[in-house]
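*Asks:* Structure here, sequence nowhere to be found:
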């Protein structure tokens, strides 16, 4: 009887240890060491919100270029960025043209 209880306890302990171990390994993957011109730095993905903030801010020049290219503009070039708009110039088959995008998330085109 004592052997049966000790085996059941051992199985229970191994089961709990197996369930807890993967969670601790997943947390360790959020921290990285990066080597660059400023030396070795610790990079924590949870604390780096740059990409999420850029998405909330508005239309970046790169996003405006991609949207202009999708609208049919060849060789798009950002010529002006203001608080309210992003202006992109390029070429169509009829000659030079420009597109103005609102400086909001998703880069909606302004009339």
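*Replies:* Here it is on my side, so go on. The shown structure was predicted, so the numbers you read here are calculated from the model rather than taken from an experiment. Numbering: from 1, shown residues only.
*Asks:* helices or strands up against the helix or strand where residue 67 lies?
*Replies:* Assessed by DSSP states H and E, residue 67 sits inside helix 61-70. On a contact count with 3 or more C-beta pairs under 8 Å, 6 or more residues apart in numbering; DSSP states H and E, helix 61-70 meets strand 74-81, strand 85-92, strand 95-102. Every residue, glycine included, has its C-beta placed from N, CA and C.
*Asks:* What ranges in this protein fall below the confidence cut-off?
*Replies:* Under the criterion pLDDT under 70, the flagged ranges of the chain are 10, 14, 16-29, 45-56, 111.
*Asks:* rerun at 80
*Replies:* For the chain, the stretches flagged by pLDDT under 80 are 1-2, 4, 6-33, 36, 38, 42-57, 111.
*Asks:* How about the secondary structure of residue 13?
*Replies:* Three-state call for residue 13 (DSSP: H, G, I helix; E, B strand; the rest coil): helix.
*Asks:* Distance check, it against residue 4.
*Replies:* Separation of residue 13 from residue 4 (C-beta to C-beta, to the nearest Å) stands at 15 Å.
*Asks:* cool, and residue 42?
*Replies:* Counting by C-beta to C-beta, the gap from residue 42 to residue 4 is 49 Å.
*Asks:* What of residue 37?
*Replies:* Counting by C-beta to C-beta, the gap from residue 37 to residue 4 is 64 Å.
*Asks:* Repeat that for residue 57.
*Replies:* Residue 57 sits 64 Å away from residue 4 when distances are taken as C-beta to C-beta.
*Asks:* Those two - which one has more neighbours?
*Replies:* Shown here are residue 57 and residue 4; by other C-beta atoms under 10 Å, residue 57 has more neighbours (11 against 8).
*Asks:* Could you list which residues are in contact with the more buried one?
*Replies:* By C-beta atoms under 8 Å, 6 or more residues apart in numbering, the contact set of residue 57 is residue 105.
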